[in-house]
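**Student:** fold the following, please.
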Amino acid sequence: MIIHLEAIVRPVMTNFIVSAFYHFARFDDPPSLREPLAAALSSHGLRGTVLLADEGVNGTLAGGQSGIDAAMDILRALPGCGALEHKRSTAAEMPFNRLKVRLKKEIVALGVPGIDPASEVGTYVDPADWNALIADPNTVVIDTRNDYEVGVGTFMGAVNPQTETFRDFPSWFKEHRAELEGKKVAMFCTGGIRCEKATSYLLHEGIDDVFHLKGGILKYLETIPESESRWQGDCFVFDDRVTVGHGLRQGEFVQCRACRRPLNKAARASPKYVPGVSCTYCAGERSDTQRRRYADRQHQVDLAEARGECHIGAVHHPVKRRSAGGEK
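**Tutor:** As a prediction, the model looks like this:
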């Protein structure tokens, strides 16, 4: 069940605060939380997506400073969420087109019953201590994000499991378990939620020396100077900024509106790239009928932008064939 609270014309603001958050907690009745939460967040002019499940809350919201401050108070009032933390960044334009509060089976879908990060997780590592841990030759560093995210940027020396969705991670682990036994295992993801749940899974499977980056890549990029960083590239984010870099500055990637893949300058220089219609990755994957439909949609988006409005076809979506929505 979804609540859609739409505002078509973008608010006039100089900068928007973007807040990414999650918290594992035990909600006895998530459906009873949905409507009051949606109404409270909407009253502060916020947009974005919030996921509720038995295991807690996960989401990203954008709005003004006072609205985001109010949102954190509202979220921390949820059962067991008093210690909820969030990562703040800014956007020149509103990166979302509506507010959605959704009910899910999991706030990040691993698909393995019995995993409970609220009761058992690996060791948190502050960004200031992360470089030393991953430089240790006895540490295996694992990027728990999906393959298209890893392609945009990752930590030096990190293992890419080449997963299409987080649900693929358990299968990858079973195939590579022997490579992890007797090692320190350090995992990371965008905002901390996937790697935190992955540490709970590995502990459940009997891997004991497990660590994860507190606050995820976003907190690392926010707090570690670029001169000291072991991060290479940009970090994919699940809104219309597409990527961010050091200092959480918006990156140079844009998103193909046909296949939703992130595109750098080189990809946009390809003759196969037609804004809103095709890119070098999907030009051979779509029919002429689909491309005509995409072109019509892009024309409507362009007209709406010329009027200072936001067309629904411009809304950010995760990469198709990937279960990326709401993941961090």
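**Student:** pLDDT value on the closest residue in space to Tyr201 that isn't next to it in sequence, please?
**Tutor:** Of all residues not flanking Tyr201 in the chain, Ile115 sits nearest, at 5.2 Å (CB to CB, 6 or more residues apart in numbering). C-betas here are computed from N, CA, C, even on glycine. Looking at Ile115, its pLDDT reads 95.
**Student:** got the contact list for Ile115?
**Tutor:** Lys197, Ser200, Tyr201, His204 (CB atoms under 8 Å, 6 or more residues apart in numbering).
**Student:** mind running it again at 6 Å?
**Tutor:** Contact analysis of Ile115 by CB atoms under 6 Å, 6 or more residues apart in numbering lists Ser200, Tyr201, His204.
**Student:** equivalent analysis for Glu305, please.
**Tutor:** Contacts of Glu305 (CB under 6 Å, 6+ apart): none.
**Student:** could you name the specific helix or strand carrying it?
**Tutor:** Here Glu305, judged by DSSP states H and E, is contained in helix 288-306.
**Student:** average pLDDT across that helix?
**Tutor:** Rounded mean pLDDT across helix 288-306 is 83.
**Student:** export it as CSV, just CAs?
**Tutor:** Output in CSV follows, covering the C-alpha atoms of helix 288-306 (Å, rounded to 0.1, in the frame of the first residue of the first chain):
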residue,chain,number,x,y,z
ASP,A,288,11.4,1.4,-32.4
THR,A,289,8.0,1.6,-30.7
GLN,A,290,9.6,1.9,-27.3
ARG,A,291,12.0,4.6,-28.5
ARG,A,292,9.1,6.6,-30.1
ARG,A,293,7.3,6.4,-26.8
TYR,A,294,10.4,7.6,-24.9
ALA,A,295,10.8,10.5,-27.3
ASP,A,296,7.2,11.6,-26.8
ARG,A,297,7.7,11.4,-23.0
GLN,A,298,10.9,13.4,-23.2
HIS,A,299,9.1,16.1,-25.3
GLN,A,300,6.5,16.5,-22.6
VAL,A,301,9.2,16.7,-19.9
ASP,A,302,11.0,19.4,-21.9
LEU,A,303,7.7,21.4,-22.3
ALA,A,304,7.0,21.1,-18.5
GLU,A,305,10.5,22.2,-17.6
ALA,A,306,10.1,25.2,-19.9
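**Student:** domains of this structure?
**Tutor:** 2-103, 123-235, 252-314 (automatic domain parsing).
**Student:** of all those, which one comes closest to Val242?
**Tutor:** Among those, domain 252-314 comes nearest to Val242, with 4.6 Å by CB to CB.
**Student:** end to end, how far does stretch 75-82 reach?
**Tutor:** 8 Å (CA to CA, to the nearest Å).
**Student:** pull out the buried positions in it.
**Tutor:** Leu75, Arg76, Leu78, Cys81 (16 or more other CB atoms under 10 Å).
**Student:** likewise for stretch 25-36?
**Tutor:** Ala25, Phe27, Pro30, Leu33, Arg34.
**Student:** shaky segments in the stretch 1-150 of the chain?
**Tutor:** Scanning the stretch 1-150 of the chain for pLDDT under 70 picks out the ranges 1-14.
**Student:** can you rerun that using 50?
**Tutor:** Residue ranges of the stretch 1-150 of the chain with pLDDT under 50: 5-13.
**Student:** where do the strands sit along it?
**Tutor:** Applying DSSP state E, counting those that start in this stretch to the stretch 1-150 of the chain gives strands spanning 2-6, 16-24, 47-53, 56-63, 85-91, 98-103, 123-125, 139-143.
**Student:** same question for the stretch 201-328 of the chain.
**Tutor:** Using DSSP E, counting those that start in this stretch, strands in the stretch 201-328 of the chain cover 210-213, 231-233, 235-236, 243-244, 254-255, 262-263.
**Student:** output those strands as CSV; include the columns mean pLDDT, mean neighbour count and distance to Asn131.
**Tutor:** Shown next, in CSV, are the strands of the stretch 201-328 of the chain (pLDDT from 0 to 100; neighbours: other CB atoms under 10 Å; distance: least, CB to CB, whole Å):
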stretch, mean pLDDT, mean neighbour count, distance to Asn131
strand 210-213, 98, 25, 11
strand 231-233, 97, 16, 10
strand 235-236, 96, 25, 17
strand 243-244, 94, 24, 20
strand 254-255, 91, 20, 30
strand 262-263, 94, 22, 26
